[in-house]
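Chemist: Mind looking at a prediction? Sequence and model below.
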Amino acid sequence: MSARLPNVAGVLGLVLLVGWAGSDLYRSSLLVTMLTYALIALGMYVPFVLAGSLSLSYSAYAATGAYAVAIGTAHAGWPLWLGMLVAPPVAAIIAVVLGAATMRLSGFYLGAVTLLFAEAFIQLLGNLGVTGGPSGIVGLPLLTFGGWEPSPQQTVLMAVVLTGVLALALDRLRRSPWGVVIRASREVPIAVDTAGVSVSVLNLVALGAGAAIASLGGALFTTYVGAVNPETFSVNVIFLAVFMPLIGGIGNPWGAVLGAAIVVHLTLNVDSLASSGTLLVSLSVLVILVLFPRGVLGFAGTAARGGTTLLTTVTKRGART
């Protein structure tokens, strides 16, 4: 039951967020922003937490998803949902190619190269005619499926379901044999290679999967807002994507979702903190890393186990007396 508790709590939390947003357009936009960051953070979770590969190109992957939707709709006449289907494989290909090119790098050098790639990619998007240059692409049509046009609330609900399903799938993957192998490749790569499993291939698969998930975040944002420009996915997105799992807890994919909710709440939803939200997020990460290295979920799990142990001890002593 303890292994399922984060999943139950995560699903319940998403349901409560849907109820909180309701038909309020401002709250719905906040929820979409949170889900966008949650998807990007879930994408970061796969290579960064599971495989131990520090790629800082996630603003590029999110932008790939956003522009796949925008370009496909504005120039090719695609429906928005088709762009959302095209985005993940395109982002995965970019990630695998970049991963193969940087295979021999690690640590600081890998982080620096992938960060520079992301910045160059965003600059490129701002200088191409097909992307609308620095102004981006605006005026995209509403999301439709054949003759059905979902309301903003229905679109938000579909985004919530997508995020929840991906978090559940990643948690299942984390505990699967493949998840055990990829986590082992992070800790003891030589042993995994000796067992006949290529660590390099595992890392490339993790990078591709993470990029595909992150692209869905960008695609979701563009679909809901109806516009995109290069500034939408600045370098700040990368650091937030790293911070969110650390704040929420790296022991479970739901930590990325929780971290996204906390960050969006602090930076956008609390008026008194609007001017210092980013500073507060940075300080929160510092405090959590020092006091609660496993994040909010890790601390909550430890506290729950401690409370259960204490309750069991008290019950046993009461029974003896």
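Modeler: Yep, that arrived. Numbering: from 1, shown residues only.

Chemist: Where does pLDDT dip in this structure?
Modeler: Under the criterion of pLDDT under 70, the regions of the chain flagged as low confidence span 1-3, 269-278, 281, 298-321.

Chemist: Check it and tell me which residue is nearest its centre.
Modeler: Nearest to the mean C-alpha position of the chain, counting by Cα atoms, centre = their mean, stands residue 41 at 2.2 Å.

Chemist: Next SSE downstream of the helix or strand encompassing that residue?
Modeler: Assigning secondary structure by DSSP states H and E places residue 41 in helix 25-44. Helices and strands here follow DSSP H and E; after helix 25-44, the next one along the chain is helix 58-76.

Chemist: mind listing what's buried in the helix or strand that that next one is followed by?
Modeler: Using DSSP H and E, the helix or strand that follows helix 58-76 in sequence is helix 80-101. Across helix 80-101, burial judged by 16 or more other Cβ atoms under 10 Å covers 80-81, 83-84, 86-88, 90-92, 94-96, 98-99. Quick note: C-beta positions are derived from backbone N, CA and C, even for glycine.

Chemist: Ok, stretch 20-38 next?
Modeler: By neighbour count, with 16+ other Cβ under 10 Å as the criterion, the buried positions of stretch 20-38 are 21, 28, 29, 30, 31, 32, 33, 34, 35, 36, 37, 38.

Chemist: which of the residues you listed lies closest to residue 64?
Modeler: Top of the list for closeness to residue 64, among the buried residues of stretch 20-38 and by Cβ to Cβ, is residue 36 at 13.8 Å.

Chemist: residue ranges for the helices of the stretch 101-250 of the chain, please.
Modeler: 107-125, 152-174, 177-187, 189-194, 199-225, 236-248 (DSSP state H, counting those that start in this stretch).

Chemist: ok now the longest one, how far from the chain's centre?
Modeler: A distance of 9 Å separates the C-alpha centroid of helix 199-225 from that of its chain, computed with Cα atoms, centre = their mean, to the nearest Å.

Chemist: going forward, begin numbering at 69 instead of 1
Modeler: Yep, numbering from 69; the last one is helix 267-293 now.

Chemist: neighbouring contacts of stretch 111-119?
Modeler: Outside of stretch 111-119, the residues that reach it under the criterion Cβ atoms under 8 Å, 6 or more residues apart in numbering are 121-123, 126, 129, 238, 242, 247, 250-251, 253-254, 270-271, 274-275, 277-285, 309-310, 312-313, 318, 321, 323-324.

Chemist: what about 7 Å?
Modeler: Contacts made with stretch 111-119 from outside it, assessed by Cβ atoms under 7 Å, 6 or more residues apart in numbering, are listed as 121-123, 126, 129, 238, 242, 247, 250-251, 253-254, 270-271, 274-275, 277-279, 281-282, 309-310, 313, 318, 321, 324.

Chemist: Could you do stretch 230-238 as well?
Modeler: 75, 78-79, 82, 103, 106-107, 110, 113-114, 281, 284, 321-322, 325.

Chemist: Buried ones among those residues?
Modeler: In the contacts of stretch 230-238, the ones that pass as buried (16+ other Cβ under 10 Å) are 75, 78-79, 82, 103, 106-107, 110, 113-114, 281, 284, 321-322, 325.

Chemist: Among those residues, pick out the one closest to residue 331, please.
Modeler: Proximity of the buried ones among the contacts of stretch 230-238 to residue 331, judged by Cβ to Cβ, is greatest for residue 106, which lies at 9.7 Å.

Chemist: Could you check how far the closest one is from residue 322?
Modeler: Here the distance between residue 106 and residue 322 works out to 10 Å (Cβ to Cβ, to the nearest Å).

Chemist: For stretch 206-217, buried residues please.
Modeler: In terms of neighbour count (16+ other Cβ under 10 Å), stretch 206-217 has its buried residues at 208, 211.

Chemist: what's the straight distance from one end of it to the other?
Modeler: When the termini of stretch 206-217 are compared using Cα to Cα, to the nearest Å, they are 19 Å apart.

Chemist: what about that stretch, distance to the chain center?
Modeler: Stretch 206-217 has its average C-alpha position 25 Å from the chain's average C-alpha position, going by Cα atoms, centre = their mean.

Chemist: any residues touching it, and which ones?
Modeler: 138, 141, 142, 147, 148, 149, 218, 223, 290, 291, 294, 295.

Chemist: which residues touch the fourth one?
Modeler: If you count contacts by Cβ under 7 Å, 6+ apart, residue 147 has them with residue 212.

Chemist: swap in the second one?
Modeler: Residue 141 sits next to 148, 151, 208, 209 when contact means Cβ under 7 Å, 6+ apart.

Chemist: ok, how many other residues are close to residue 238?
Modeler: Look at residue 238: counted by other Cβ atoms under 10 Å, it has 24 neighbours.

Chemist: again, but for the one 5 residues further on
Modeler: Neighbouring residues of residue 243 were enumerated by other Cβ under 10 Å; the total is 13.
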